[in-house]
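Trainee: Give the three-dimensional model of this entry:
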Amino acid sequence: MKAALAWVVLFAQASSPPPDDREKWLPPVKVVTLPRAERTAGEILKAVREQTGEEVEASGVDEAAKATVEWKERPVMEALHDLCRALGAGTVTVRQDPKKKPAIEIDGRAALPAAVGHWKQFRIELADASVTITRSLEGTKREAKLDLRLVAQPGTMPLSVEGFQPEEIVDDAGWSLLTAESAGARRRHSDEPLKEGEEPNAVIVEGRSHERDLTEDLSVSMRAPAEGAKTLERLRGRIFATFPMRLVEQSIPAGELVAGKEIRIGSLTIHVVKFTQEGGKATFTYKSTRKGPGRDSFTFTDFELRDEKGETLNRGYSGSGSDEAYTLTYSLARPVPVVSLYHKAYVGRITVAIPVDLRGIPLPKKSP
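Mentor: The predicted model follows:
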């Protein structure tokens, strides 16, 4: 059953110390300042665009409608939500088309979110709430779930959003809805507990997932609320997002890809075994070693083979190997000489905990 979502506006509150070193890894927060006055929505949107430099596309918004706002260095995502609230409708998102210029989008026809919070560049809203009742011969089982949506100011592009660690979930009957599983949340595809901090020795191959602005849907499982509960009084926790520290790019001449050649990428060293080319096929064999502690994620399937003009030649590959060595066999777009091997990777990463504190979240109504 989906929740009949009523509007409640809430703010994410910092559960960790304000401004600290983690912020240097994030893009600057774009802020808006306006003295208290009644203005048209069009005038307010113009001020937001001029002060932040962000492209803001508003559809379904009556720009002649008047609203009263007062902002002092209000983060842009939060300011635009304030405008929607003053107008009585609308939601704020970020365009996800990598082929177009980044833009914040306002849908003035949409209902206000049932619950939404903000922290610096980030917006966290309730997308849905559901309670599932399963009846079987063994009995009745009740489960509940919340769907959260994390959106960020354009230009905020993490390597990954690792997950949500709930710290408190309480319904209006006073029941704690935390589960044993939620108390021990782990990173995605890992047994490592969620935590924030720097990992300067990590080496991460750049992937396409880092080429778009941040919009991420997160599911929060919890115990079913009390039979008569109508709201969640509080959902408090942290969303963990990982950002890169340093981008490393290297182009190695093909003539140097001989046995004994070492390619250093932070704490990681690629040891060349051999590189050969026969017409439209090229083969690269290497070993890798790493010094020092650090959680790493690297496969280097994104090596690029380039021609004399710097254009990418490889159009596909296959890989095989063991602890001794790994071999990549490439199909080339043209049977011309490979001039260089190019790669890019991130060295070091910072995991930031985004605080979330939402209250008065409506629960689904019982069916008649």
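
Trainee: CA atoms for contacts and neighbours, from now on please.
Mentor: OK.

Trainee: Arg246 contacts Lys344, doesn't it?
Mentor: No. Between Arg246 and Lys344 no contact is recorded; they are 10.5 Å apart, counting by CA atoms under 8 Å.

Trainee: neighbour count winner among those two?
Mentor: Comparing Arg246 with Lys344 by other CA atoms under 10 Å, the one with more neighbours is Lys344, at 19 against 15.

Trainee: Sort out which residues of stretch 75-94 are buried, please.
Mentor: 75-85, 87, 89-94 (16 or more other CA atoms under 10 Å).

Trainee: Then stretch 108-122?
Mentor: 108, 111-122.

Trainee: that older thread, among the buried residues of stretch 75-94, which ones are in strands?
Mentor: Pro75, Thr91, Val92, Thr93, Val94 (DSSP state E).

Trainee: For the residues you listed, which two are the farthest from each other?
Mentor: Pro75 and Thr91 (15.7 Å; CA to CA).

Trainee: where does Leu159 land on pLDDT?
Mentor: With respect to pLDDT, Leu159 scores 84.

Trainee: for Thr283, that is, sorry about that
Mentor: Value listed for Thr283 in the pLDDT field: 96.

Trainee: Test my guess that it contacts Thr276.
Mentor: Yes. Taking contacts as CA under 8 Å, Thr283 lies within contact range of Thr276: 5.3 Å.

Trainee: More neighbours: those two, which one.
Mentor: Neighbours were counted for Thr283 and for Thr276 using other CA under 10 Å; Thr283 has more, 17 against 14.

Trainee: and the more buried one, what does it touch?
Mentor: Listed by CA atoms under 8 Å, 6 or more residues apart in numbering, the contact set of Thr283 reads Phe275, Thr276, Gln277, Thr327, Leu328, Thr329, Tyr330.

Trainee: State the helix or strand in which it lies.
Mentor: Assigned by DSSP states H and E, Thr283 belongs to strand 281-290.

Trainee: hey, C-alpha coordinates of that strand in PDB?
Mentor: What follows is strand 281-290, C-alpha atoms only, in PDB (Å, rounded to 0.1, in the frame of the first residue of the first chain):
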ATOM      1  CA  LYS A 281      44.200  -6.700 -32.400                       C
ATOM      2  CA  ALA A 282      46.400  -5.600 -29.500                       C
ATOM      3  CA  THR A 283      47.300  -7.500 -26.300                       C
ATOM      4  CA  PHE A 284      48.400  -6.000 -23.000                       C
ATOM      5  CA  THR A 285      49.700  -8.200 -20.100                       C
ATOM      6  CA  TYR A 286      50.500  -6.800 -16.700                       C
ATOM      7  CA  LYS A 287      50.700  -7.500 -13.000                       C
ATOM      8  CA  SER A 288      49.800  -5.100 -10.200                       C
ATOM      9  CA  THR A 289      51.000  -4.600  -6.600                       C
ATOM     10  CA  ARG A 290      50.000  -2.100  -3.900                       C
END
